[in-house]
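Enquirer: what follows is a predicted structure for the sequence shown.
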Amino acid sequence: MLSRRLDVLGDGPFARIATLLDGIPPNPSKAVLDLSLGEPRHAFPDFVGDILHENRALLGRYPPLRGTPEFRQAAAGWLNRRYALPQDFIDPDRNLVILSGSREGLFLIPQVVVPDPGSHPRAAALIPNPYYPAYAGAAVSAGAEPVFVDADPAQGHMPDFAGLPTETLDRTAICYVCSPANPQGTMAGADYLEVLIRLARKHDFLLAVDECYADIYDSTPPVGALEVCANLGLGLDNLVVFHSLSKRSSVPGLRSGFVAGDARVIDAFVQLRGYAAASVSLPVQAASAALWSDDDHVESARQSYRDKFDLAERELAGKFEFYRPQAAMFLWLRTGDSEAAATALWQNASLKVMPGGYLGNGDKHPGNDYVRLAMVTDMDSTADALQRINSTLS
Ligand SMILES: Cc1ncc(COP(=O)(O)O)c(C=O)c1O
């Protein structure tokens, strides 16, 4: 009865960490601290609750699939401000659709570009390794072969998709890029993105750039793929980008993001959503429009991550190949065997972290030697967690 299609991937990282720590008690003298999940816990603006309340009567209506005009204008307005895009580069009616969180779109998008399962040769989905789990689940569910490409620390943790054999590129249906990258906190440069934008057109695949951490950065705003296209005088062919309020506005429970790019893909995606019914309620759309229109609250979130990375730099510089991430919200520490490090931190220090080994595919991949810490809690517990790492692993 069950399809077992996802069995090729096995359990996801959170199921694996539960299995790893099952039956191992934390240290009874320390309160449990969980930094395994990238769930921002900063305060979000008060106006979110007010707008949800003011618009509650709209829960009696089915929402439009593409998003309300107000939402699309606000999201396009943010793209224009954030990336200094030329006027009319993004048409909010044709190039943009609201998502129930960016994961929903990242998961569904291969369905509109992967050819029928029986087609030959089998379609490939290119995925960075390590990766955000939705990419692989999406590829396999759509019937594509996931092709994992190592994100080599020596190359800025960005995978060399352009170096793949022509045979693979020719059968590629979709290529996922994560920039800023989860888990490594590095970001793709304009040159890197340009190569991929041109490669996608040459081999006619969809370049799907996950930019959900675009606004959480240290000193330099990450370059966006739309910006690169605009600066090169190129249109939006074969490109979509994904954005989210979960990280930018610290509202992961709101479930609100959007996808923007190639109008042909957006149209096909809206058609798919007509069947999938993954719509976003009107009060959430109203609150989301207000969040995309406001940049002040984001600066305070950014500052709070900077303060925590300052602390981490003081505590960990020179250890675990510490580097200060350019963007996103994670520390990516080279501890050696990631399962052993995560188990020791749990058992001795009641600290839950994500073994990097669980974020990648294959027996040997670049994540195996790292653990990921989500810097999502307040300063005091961050300081506490850093000390626990030092005393357990140093
Ligand atoms: C790289 C990456 N992409 C996408 C998402 C999904 O975010 P959301 O569905 O909340 O927008 C996450 C969440 O952790 C993420 O880390």
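Expert: On my side now, so go ahead.

Enquirer: following the host helix or strand of R198, which helix or strand comes up?
Expert: Using DSSP states H and E, R198 sits within helix 190-203. Scanning forward in sequence from helix 190-203 by DSSP H and E, the next helix or strand is strand 206-210.

Enquirer: so that next one, near the ligand or not?
Expert: Yes: judged by C-beta under 6 Å from any ligand atom, strand 206-210 comes into contact with the ligand at D210. Just so you know, the C-beta spots here come from the backbone N, C-alpha and C atoms, and that holds for glycine as well.

Enquirer: how many residues are close by N129?
Expert: The tally of other residues near N129 (other C-beta atoms under 10 Å) stands at 21.

Enquirer: look up the closest residue to it, ignoring the ones flanking it.
Expert: F148 (3.9 Å; C-beta to C-beta, 6 or more residues apart in numbering).

Enquirer: tell me, how many residues neighbour the one you found?
Expert: By other C-beta under 10 Å, 20 other residues sit near F148.

Enquirer: centre of the chain to the helix or strand containing it, how far?
Expert: Taking DSSP H and E as the definition, F148 sits inside strand 145-150. The chain centre lies 17 Å from the centre of strand 145-150; the measure is C-alpha atoms, centre = their mean, to the nearest Å.

Enquirer: just the CA trace of it, in CSV.
Expert: The C-alpha coordinates for strand 145-150 follow below in CSV (Å, rounded to 0.1, in the frame of the first residue of the first chain):
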residue,chain,number,x,y,z
GLU,A,145,17.1,11.4,-9.5
PRO,A,146,18.7,13.5,-6.7
VAL,A,147,22.3,14.2,-7.7
PHE,A,148,24.1,15.5,-4.6
VAL,A,149,27.1,17.7,-5.2
ASP,A,150,29.5,18.3,-2.3
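
Enquirer: what are the pairing partners of it, and which direction each?
Expert: strand 124-129 (parallel) (DSSP bridges).

Enquirer: just checking, what packs against the next helix or strand after the strand it pairs with?
Expert: Using DSSP H and E, the next helix or strand after strand 124-129 towards the C-terminus is helix 133-141. Applying 3 or more C-beta pairs under 8 Å, 6 or more residues apart in numbering; DSSP states H and E, one finds that helix 133-141 contacts helix 102-108, strand 124-129, strand 145-150, strand 172-178.

Enquirer: let me know which of these is the nearest to D378.
Expert: Closest to D378 of the helices and strands packed on helix 133-141, according to C-beta to C-beta: helix 102-108, at 25.4 Å.

Enquirer: for the closest one, name the packing helices and strands.
Expert: helix 133-141, strand 206-210, strand 239-244, strand 257-261, helix 263-276.

Enquirer: is it possible to get CSV of those that adds mean neighbour count and mean pLDDT?
Expert: Converted to CSV, these look like this (neighbours: other C-beta atoms under 10 Å; pLDDT from 0 to 100):
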stretch, mean neighbour count, mean pLDDT
helix 133-141, 22, 96
strand 206-210, 26, 98
strand 239-244, 27, 98
strand 257-261, 26, 98
helix 263-276, 16, 95
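
Enquirer: that older thread, give the bridge partners for the residue nearest to N129, please.
Expert: Residues in beta-bridge contact with F148 (DSSP bridges): I127.

Enquirer: tell me how far it lies from the ligand.
Expert: Counting by C-beta to the nearest ligand atom, to the nearest Å, the gap from F148 to the ligand is 16 Å.

Enquirer: surely that residue is in contact with L359?
Expert: No: counting by C-beta atoms under 8 Å, F148 stays clear of L359, with 11.3 Å between them.
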